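In: With the input below, show me the fold.
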Amino acid sequence: MFLDEAVVTFSSGRGGSGAVSFPREKPVPRGGPNGADGGRGGDVVLIADRNRRTLYDFKLLDHYEAADGIHASGNKRGKDGKGIVVKIPVGTVITDEETGETLIDMTVHGTKYTLCQGGKGGFGNAHYVSSVRQVPNFAQKGAPSERKRVRMELKLLADIGLVGLPNAGKSTLISRISAAKPKIADYPFTTIVPNLGVVHFRGESFVVADMPGLIEGAATGVGLGHQFLRHVERCSVLVHVIDVFPPDESDPISNYHLIENELKDYSEEIWSRPRLIALNKMDLIPGDRFNSLREQFEALSHPLYPISGVTGEGLEALQDGMLTTLKEVMPEEEVEVLTPTLKANDDLSWEVHATDDGFQVLGRRLERMVAMTDLGNDEAVRYLHRRLQRIGVIDRLRDLGAQEGDTVSVGDVEFAFSDER
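Out: Purely as a prediction, here's the structure:
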């Protein structure tokens, strides 16, 4: 089954908590703190794989979770959680379902993208030793996991796209010029998913996509038009396949303009791409009628190729035209693209707002800081208060009129404001 769109939820692993520990060996009766750090949570990494052809796997499983980091034990550091690598087809666009932001377009085989970073492991109490805090009796909890719900949209990568009305002969054509074996039958909409074929011609090769047939209104979504037209976006050259002897006796010129108008309505940029016209089924039409039709198409100023997908007549000339046109639009040299794992910048900004119930502190950094604090440990809470003081959050609360005992919420946690100067 071909599936070109899926909504999937990914979650990284939470960081393991640090440990509170002191040596208990006889030779070290008054040893300082030696609590180790927790393990880091596993990442979720997407990798573009040319061997993946569809998003169908995500229909079967739409939630992926990396492993949490292990908590530290005494002076032994916790193990890092195991990350997961998810392979997706080349040409998949990843969009944040909540914000609508396009995160990455996976157009190159082997591209790696860290979608969700694992939570950092919490510090053990050995980390908090200072000249004024020689015996810290608290440790840090692991950072929370990162969760993202994303929309995956597959846009096939092909050099040349075959477009036209249903039953124009596109599937027969691609089966003759490549090793593709699409379903072929004598009724419209035989092709309901794109077919890819590699054409080998005169020592060179290129990829051709047989697009499902378009109908009037496709640009507005009629007949799954948006799903079909989406795949044309990746094609550098279009070949418009025209049935010169349609079974419904419709006018081939009118049929041509119908499809061209749908392409233009969907995207003027796509419509303006180089175009070849393949007049198909020339073996079925009388010679004088074909010559009259040919004259009408020649007036359109696009390269014209009379062909027969069944007999093979004219296919060599068409392939030559495809290759020549493709060379004209493709760059002569491909610049090497380095694709390191991409990571989003940490959000360091924060703000404080007065609400009907008290005050709300917003900011990814501060919310993570609170989530990593052991709120059941008074010493840890006092340390958090000092950090918020240094950052400026406490001063900002004072400026907004916060009084002793007012409710202050940070993420999912609520505190009673304490003005310790």
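In: Check which helix or strand residue 85 maps to.
Out: Assigned by DSSP states H and E, residue 85 belongs to strand 84-89.
In: Can you list the low-confidence ranges for the protein?
Out: Along the chain, the parts satisfying pLDDT under 70 run over 1-3, 26-31, 156-157, 180-194, 212-231, 331-347, 420-421.
In: residue ranges for the helices of this protein, please.
Out: 57-60, 170-177, 225-230, 252-266, 268-271, 287-298, 315-329, 364-371, 378-391, 393-399 (DSSP state H).
In: List the buried residues in the fifth one.
Out: Judged by neighbour count (16 or more other Cβ atoms under 10 Å), helix 268-271 contains these buried residues: 270, 271. Any C-beta I mention is one placed from the backbone N, CA and C, and that applies to glycine too.
In: and it, what does it pack onto?
Out: On a contact count with 3 or more Cβ pairs under 8 Å, 6 or more residues apart in numbering; DSSP states H and E, helix 268-271 meets helix 252-266.
In: by how many degrees do the helix it packs on and helix 287-298 diverge?
Out: 30 degrees (axes from the mean of the first three to the mean of the last three Cα atoms, to 10 degrees).
In: So which other helices or strands are in contact with helix 252-266?
Out: By 3+ Cβ pairs under 8 Å, 6+ apart, helix 252-266 packs against helix 225-230, strand 237-243, helix 268-271, helix 287-298.
In: so which of these is the most packed in?
Out: Stretch with highest mean neighbour count among the helices and strands packed on helix 252-266: strand 237-243 (a mean of 25; mean count of other Cβ atoms under 10 Å).
In: Now tell me what touches that strand from outside.
Out: 159-165, 167-170, 173, 208, 232, 252, 255-256, 259-260, 263, 270, 273-281, 297, 302, 318, 322, 325-326, 329 (Cβ atoms under 8 Å, 6 or more residues apart in numbering).
In: List the pairing partners of that strand within its sheet, with orientation.
Out: Paired strands of strand 237-243, with direction, are strand 160-163 (parallel), strand 275-280 (parallel) (DSSP bridges).
In: rewinding a little: quick check: which of the helices and strands packed on helix 252-266 is nearest to residue 198?
Out: Counting by Cβ to Cβ, residue 198 lies closest to strand 237-243 out of these; the figure is 15.3 Å.
In: since we're on residue 169, how many residues are nearby?
Out: When neighbours are counted by other Cβ atoms under 10 Å, residue 169 registers 23.
In: quick one: it and residue 263, what's the gap?
Out: Noted for residue 169: a distance of 19 Å to residue 263, by Cβ to Cβ, to the nearest Å.
In: do residue 246 as well
Out: Taking Cβ to Cβ, one finds residue 246 at 19 Å from residue 263.
In: the more surrounded of the two?
Out: residue 263 (22 against 15).
In: Who are the contact partners of the closest residue to the more buried one other than its chain neighbours?
Out: Nearest in space to residue 263, with sequence neighbours left out and distances taken as Cβ to Cβ, 6 or more residues apart in numbering, is residue 271 at 4.4 Å. Counting by Cβ under 8 Å, 6+ apart, residue 271 makes contact with 260, 263, 264.
In: Sort out which one of these lies nearest residue 125 for me.
Out: residue 263 (65.9 Å).
In: So that closest one sits against residue 233, correct?
Out: No: Residue 263 is beyond contact range of residue 233, at 10.9 Å (criterion: Cβ atoms under 8 Å).
In: I appreciate the help and will end here.
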